[in-house]
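> show me how the following folds:
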Amino acid sequence: MATIITIMAADHRRCDEIFSDAENLVSTKDWGEGGKAFAAFRDATLNHFAMEEERLFPAFEQHIGHAMGPVQIMRMEHNQMRQLLSEMEQAVADRDDTRYLGLSETLMMIIQQHNMKEEQMLYPMMDRTLGEAGAEIAQEIHSS
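This is a model prediction of the structure:
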């Protein structure tokens, strides 16, 4: 049976791999492939955020009866990461590897902390709280 933590943690790993590929390509100034890899990473990350913000977070908030706490923090961190992605996109357009790699380092620290909070606290809490409904959402996310 699919669970929120198994599906979403696997998606974290997938995004991490694409992120690493992009960083490696940009560090060698391969702007053609590096730009494509960055775009793939950006799209995968934004898709991950959408799965959470459009499906998981609303279901969890509806079940617990409020929109405060850990979900609110995750949304704020998503917005912070969106800003960094935008700045990284500009660095790719400018072919500024120094700026890109600096932003990449900042983003990596935020992602690591963010993913740890989700995987160690939020996703298990969602699996426990949502039960079968959470498993159904996880399966839908996995199938899409």
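> now the helices for this protein?
Counting by DSSP state H, residue ranges of the helices within the chain are 4-27, 31-51, 57-64, 70-94, 97-117, 123-130, 132-143.
> any chance of those helices in CSV, plus mean pLDDT and mean neighbour count?
For every residue, glycine as well, the C-beta is placed using N, CA and C. CSV is the format used below for the helices of the chain (pLDDT from 0 to 100; neighbours: other C-beta atoms under 10 Å):
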stretch, mean pLDDT, mean neighbour count
helix 4-27, 97, 18
helix 31-51, 97, 17
helix 57-64, 91, 16
helix 70-94, 96, 15
helix 97-117, 97, 15
helix 123-130, 94, 18
helix 132-143, 88, 16
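> for residue 28, see how far away residue 38 is.
Spatial separation of residue 38 from residue 28 under the definition C-beta to C-beta, to the nearest Å is 13 Å.
> same check on residue 63?
Counting by C-beta to C-beta - residue 63 and residue 28 are separated by 47 Å.
> need the contact list for the residue positioned nearest the centre of the chain.
Centroid check for the chain by C-alpha atoms, centre = their mean gives residue 45 as the closest residue, at 4.3 Å. Contacts were defined as C-beta atoms under 8 Å, 6 or more residues apart in numbering; by that measure residue 45 touches 15, 19, 81, 85.
> what do you get for residue 142?
When the contact criterion is C-beta under 8 Å, 6+ apart, the partners of residue 142 are 2, 7.
> what of residue 28?
Taking C-beta under 8 Å, 6+ apart, one finds residue 34 in contact with residue 28.
> try it again at 10 Å.
Residues touching residue 28, when contacts are defined by C-beta atoms under 10 Å, 6 or more residues apart in numbering, comprise 34, 97.
> same deal with residue 38?
Neighbouring residues of residue 38 by C-beta under 10 Å, 6+ apart: 18-19, 21-23, 25-26, 31, 85, 88-89, 91-92, 100, 104.
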